[in-house]
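Novice: pasting the structure only:
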């Protein structure tokens, strides 16, 4: 990432180990969110009536154990890998398709490999292609 007047900095947010570390930290919050959301669909006598996210987290740990917060993490990570692989493949395919057709010359100017408009168009096309599958 370049900033004007500054040296080029490399930010590695695509590091797979960083993503897995973040998922390990964030997944309990997702469990609490899902529990709080689905709580309204339960019959009144089975509702947990969490007061907040922190209440949900503390009660889940106290009543069901610490590792309950990561229940379902492996399938979620597997799904995330499949979705990311499909997005990367379809994005590259959409980008090549746009560059290979006459669509690369638009009213906004010529699209080349480094053009941000090409990035937006490719993202929209790949996202719309994948939306019917995931």
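Specialist: Great, that's in hand. Note that the coordinates shown come from a computational prediction; the quantities given were computed from them, not determined experimentally.

Novice: which regions of the chain sit below the pLDDT cut-off?
Specialist: Residue ranges of the chain with pLDDT under 70: 1-20, 98-123, 125-134.

Novice: any idea which helix is longest in this protein?
Specialist: If you go by DSSP state H, the chain has its longest helix at helix 73-100.

Novice: and that helix, what other elements does it pack with?
Specialist: Here helix 73-100 touches helix 16-39, helix 116-130, going by 3 or more Cβ pairs under 8 Å, 6 or more residues apart in numbering; DSSP states H and E. In short, each C-beta sits where N, CA and C put it, glycine included.

Novice: specify the angle between that helix and helix 16-39 in degrees.
Specialist: 110 degrees (axes from the mean of the first three to the mean of the last three Cα atoms, to 10 degrees).

Novice: list the buried ones in helix 73-100?
Specialist: 73, 87, 90, 91, 94, 95, 98 (16 or more other Cβ atoms under 10 Å).

Novice: care to break the chain down by domain?
Specialist: Domain assignment of the chain by automatic domain parsing yields the ranges 18-71, 80-134.

Novice: number of nearby residues for residue 69?
Specialist: 19 (other Cβ atoms under 10 Å).

Novice: what's near enough to touch it?
Specialist: With contact taken as Cβ atoms under 8 Å, 6 or more residues apart in numbering, residue 69 is in contact with 27, 28, 31, 57, 60, 61.
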